[in-house]
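Q: what would the 3D arrangement of this be:
(2 chains)
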Amino acid sequence: MGNERRFSAINTKIRVMRSRFLNDEDYIALMEKDKLVDQVQYLRDNTVYGEMLSHIDNVDDVQKVELQLERFLIVQFEKILKYFSDDYEKFYRSLMFRYETEDLKLYLRALARGEDLTKYEKVSFIKNEYYSFSYEKIRYAKSLEEFIDRLKGTKFYDVLYPYRHENYQKLLFYMEMNLDRLYFTALSESAQKLSKSDREIFNVFLGENIDLLNIEWIYRGIKFYNLVPEELINYTLPNGNIVDYKELKKLCYGSIEDLKNYVGKTKYKELVNEEKDLDLFMEIRIQRHLFNTFKNTFKKGKLDVSISIAYLHLLEFEIKDIISIVEAKKYGLSYYDTKGYLVRTIKGSDE
Amino acid sequence: MSVEKMTMMNIIGDIRDVDGVLKDILKSEKVDLVSALKQIEDNNFLFDVSDENIDRLIDLNYISTFEKDERYVELLKKGENLKDILGIELDKESHDLDIKLSKEEILDELNFICEKVHEPSIMLHALEKELEFLDSFYSNSFKQISDFAVPIRDLRDMEYFNFKMGILTKEDRLKLKKNYENILAILLHTGSSSDGEVYIVLYPKSVEEEMKRILRSLNFREIIIPKEYSGTPQEIQKQIQGMKDRLNMEIEGQKNRIAELRDKYRDRVNHLMGQVKLIAKLDGVKENIAFSKKYFYLSGWITESDKDNINKLFDKYPGTLVMLKGDKQYNPPTKLRNNWFFRPFQWMVSMYGTPSYNELDPTPFVSLSYMLLFGTMFGDLGQGFIFVLAGIFLAKKKKMELFGGLLTRLGIASMIFGLLYGAVFGIETLIPALWIKPFENINDMLMIAIFMGVGLLLTAYTYGIINAYKRHDIEEGLFGKEGVAGVVLYITLLALVGGGMLGLDILPMFIGVPIVILCLLAIVFRLPLTHIIEKKRPLHGDDISGYYVESVFSLLETFLSLLSGTVSFIRVGAFALTHVGLFLAFETIGHMIGSAAGNIIVLIVGNIFIIGLEGLIVFIQGMRLQYYELFSRYYKGEGREFNPVSLEK
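A: Residues are numbered from 1 along each chain as shown, chains lettered A, B, ... in the order given. The predicted structure follows:
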């Protein structure tokens, strides 16, 4: 099937979906509201999230509001999925695989804290039908060993298997790293089945994402996690766009200063801009970089896989920003500070 | 050559005889059971009230149905399980038709045998698992380093070094390789397992913690080498081999034990399972039977011709009352009876639907017309002969009697037309044509096809009218577009149009046109006309305007279907031409090749191609003409097939 036939309908639909994104006035209005209740009311009355948010009775609960917002993303995902079949459908499903791993991490953390998993029933992002493991089975697991055993037959089992018998409070970190790696492997595997042009487009997106994540990973690894360089390099993701293995190795065996110097010379130099605290703002800057990439993609608007991927990410960033605004209110951040923590830049913002 | 005459049989008998009666019915394979309760409700169990019968009559007030006993499901499961463990093939022939044991007795005995078999089967399973483990794991782990002369014990005893054995995936192995220079360890590839490659890692004890972390980041899956393995890999291999031999021996022992048990219990299990299946079968059949306190009530369809035989079956059960009610009520099932020549075509008819009891069996007409159509389209003495051979082969060797028989008959038709056309394996010069050479008389061929179609359509109409008469359906039979009005319309139009085309004055316009108009009016007003004849009022249903709108539009459909139905048969002539044309193409290729060998090869390939592909197309086209053009005019196929109960099904 040619791309004209595959994408003409869905890309048109996505343009309509995108036109419902919030605009700057909406963000400013949200930031200016004093209470969560008012913010939610504003979202209900003026935005596309209204319907999702009308399901919650207790709008005082920030967590519930956030969960509903995130679920909106899944709803949009489902709409897009319907337009594809075969390998393309599998590809979009593998993008969704991320939420599955996020849920799994949530459970692992809960297990590490010794909590009952059934309590987390209501906080999962995705619907039962999208799980590749049996949700019913794992939620009654009482221990990590049991939990992992119940994942038998899924991709997760092989990855988590070595940690079955160990003290898992300590190993949570390793398991999460492995799950993330699994997600990226699955994603690039499923992308191999796309048509040649789509595969190339996606690999550029993915490669950029991988570069950014690797830089962040090495920065944090050296600064906070106290890992040996061999571990550091083993947990990096392969197939970045500009930072290849040789460079990664150099960075892993180097210092923070070396890293900053190197990144400063690449197109990712904004990441190590020391005007603001790197520890705090590197993540936001990564997201901002991707945000701009995807915004440009929309401008080009070609009939290929790029529009739908860009839409999903832009939607994710929008939801992230709304959540940031809601959270900022909770912690009493000022209007000005709040703006700094958003992925997008809003008129009058400092950056 | 027809639909067999049926009669409804109702039986009342002593409840103690029920199993015997049922078994006889099952064995006879001649009774199609229906729900007795329904027959009772509809008062079909009527009998003379005499002193002798009064008891039965009173008992009818306590009627109930059979309650299925679910225990036999458990029995079946147990038996199947046993059968699997012991590896017994149940043989169907030896089933004892007498039920001597109760369900409890069977269950007890099966349980007893199960217990006997349980222990060795569990043991065998465990041993096989152990063997599999040894096979897949350790032997693979050490295979690649069989020449490694250092005993594992020495590795364990090292003071400053430690070692680990484990599996790495391909991806992780690559990572390690790229960064090998920075890793304070020696890696040794020792074998491969289903999960990845097996390595031994040797490292200084001082970096133990680091090494652990690095290996973890590589998803290293450690294989713990049990303490009892302490020699060199070669010694360990031997050790493992020894264990495997021992295991194999034990497995053999358990297998022998099971084989002994199998020999001992095979006949018994076979017998028990036969009983269970028979009980299950009887229970299944009993769902149709009604019971009172002392009697059972059974209803079923039998053919008229079988009624004496069936009656005789019940002679041995005194007090059994058999009543035959004929075929007046309800919808009797249809049993087709055709002679050997038509029988394969029954399959084609039943693919479309089973004829109703009061419908004419279309099989003879389908048989003859289908052979005629196929032969016309695919007339070739040699290729037809291939079909005959293939048909005989399928029927004899592959147990596909129906399809094989069909193919044989089509082959014969093809051969007959081959003689008429003078064609053998496509070659038209070997024998003279007895009738016509299609390719040299193209227009005649197409005309013949249309005439053939007209003939078939008229026959189909006749069938349709007879069927309507049998159904007492005046509306469709007299005034319908497939009824008398439709046929008269068709013939008149044929005379008018055909006469005009041929330049003959068959039917003058001033007679023809009024007939056409009369027929059309009859079709439009068919419902009120029917009601007038049947003296029913009101003349129309609720929606008068709706009826006329539909009716007038159906005229359009009538004309269209008459036209398309007739023209449709041109394809018969066209395919006769295609058949020759296709071969001509191959013949030309053969001439172009020039050499005799090439020529022959092309002819063979051409014939295979024509037999395979064109044969299939013609087969399908013939079927299409039958189902679409002909069946739609006369055949409803809404009947239920006569389906007698038997032990097998």
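Q: what number of residues lie near whichever residue of the stretch 1-150 of chain A sits closest to chain B?
A: Closest residue of the stretch 1-150 of chain A to chain B, Cβ to the nearest Cβ: residue A:148 (13.2 Å). Where C-beta positions appear, they are placed from N, C-alpha and C, glycine not excepted. Look at residue A:148: counted by other Cβ atoms under 10 Å in any protein chain shown, it has 24 neighbours.
Q: contacting residues around it?
A: Residues counted as contacts of residue A:148 (Cβ atoms under 8 Å, 6 or more residues apart in numbering or on different chains) are A:157, A:160-161, A:163-164.
Q: please identify which of the residues you listed is nearest to residue B:599.
A: residue A:157 (65.0 Å; Cβ to Cβ).
Q: how close does the residue lying closest to the closest one once chain neighbours are set aside sit to residue A:138?
A: In space, residue A:157 comes closest to residue A:151 once its chain neighbours are excluded; the distance is 4.6 Å by Cβ to Cβ, 6 or more residues apart in numbering or on different chains. Residue A:151 is 7 Å from residue A:138, where distance means Cβ to Cβ, to the nearest Å.
Q: what residue in chain B comes nearest to chain A?
A: Distances between chain B and chain A by Cβ to the nearest Cβ are smallest at residue B:217, namely 3.8 Å.
Q: does that residue touch residue A:235 like I think?
A: Yes - with contact defined as Cβ atoms under 8 Å, residue B:217 reaches residue A:235; the gap is 5.6 Å.
Q: now the common contact residues for the two.
A: With Cβ under 8 Å, 6+ apart as the test, residue B:217 and residue A:235 both reach residue A:177.
Q: distance check, residue B:158 against residue A:146.
A: 37 Å.
Q: torsion angles phi and psi at the residue of the stretch 1-150 of chain A closest to chain B?
A: With angles defined as degrees, to the nearest 10, residue A:148 sits at phi -70, psi -40.
Q: give me the pLDDT value at it.
A: At residue A:148, the pLDDT value in this model is 86.
Q: measure it to residue A:160 for me?
A: 5 Å.
Q: for the chain, which spans come out with low pLDDT?
A: This is for chain A. A:1, A:59, A:121-123, A:166-170, A:347-351 (pLDDT under 70).
Q: other chain: chain B
A: In the predicted model, chain B carries pLDDT under 70 at residues B:1, B:46-52, B:90-100, B:136-147, B:649.
Q: all strands for it, in order.
A: For chain B, the strands defined by DSSP state E cover B:2-3, B:6-14, B:32-34, B:64-65, B:161-168, B:186-193, B:196-204, B:221-222, B:290-291, B:295-303, B:321-326, B:336-337.
Q: what is the fourth one packed up against?
A: Using 3 or more Cβ pairs under 8 Å, 6 or more residues apart in numbering or on different chains; DSSP states H and E, the elements in contact with strand B:64-65 are strand B:290-291.
Q: report the distance from the strand it packs on to the chain centre.
A: 34 Å (Cα atoms, centre = their mean, to the nearest Å).
Q: residues in contact with the residue of chain B closest to chain A?
A: Shown in contact with residue B:217 (Cβ under 8 Å, 6+ apart): A:174, A:177, A:230-231, A:234-235.
Q: looking at the stretch 251-351 of chain A, which residue is nearest chain B?
A: The stretch 251-351 of chain A approaches chain B most closely through residue A:253 (7.2 Å), counting by Cβ to the nearest Cβ.
Q: nearest spatial neighbour of that residue, chain-adjacent residues omitted?
A: Per Cβ to Cβ, 6+ apart, closest to residue A:253 is residue A:229, 4.7 Å.
Q: contact partners for that neighbour?
A: Listed by Cβ under 8 Å, 6+ apart, the contact set of residue A:229 reads A:252-253, B:182.
Q: among those residues, which are in helices?
A: residue A:252 (DSSP state H).
Q: show me which of the contacts of residue A:229 is closest to residue A:126.
A: Checking the contacts of residue A:229 against residue A:126 by Cβ to Cβ gives residue A:252 as the nearest, at 34.4 Å.
Q: residue A:228 is in contact with that closest one, correct?
A: No - with contacts counted by Cβ under 8 Å, residue A:252 stays clear of residue A:228, the gap being 9.4 Å.
Q: higher neighbour count, the two?
A: Shown here are residue A:252 and residue A:228; by other Cβ under 10 Å, residue A:252 has more neighbours (25 against 19).
Q: what's the burial count for residue A:126?
A: Based on other Cβ under 10 Å, the number of other residues close to residue A:126 is 21.
Q: same check, this time on the one 4 residues further on
A: Here the neighbour count serves as a burial measure; for residue A:130 (other Cβ under 10 Å) it reads 19.
Q: does it touch residue A:98 like I think?
A: No - counting by Cβ under 8 Å, residue A:130 stays clear of residue A:98, with 11.2 Å between them.
Q: what's the local residue count around residue A:9?
A: Residue A:9 is flanked by 10 other residues according to other Cβ under 10 Å.
Q: for it, which non-adjacent residue is closest in space?
A: What sits nearest to residue A:9 in space, not counting adjacent residues and going by Cβ to Cβ, 6+ apart, is residue A:83, at 6.2 Å.
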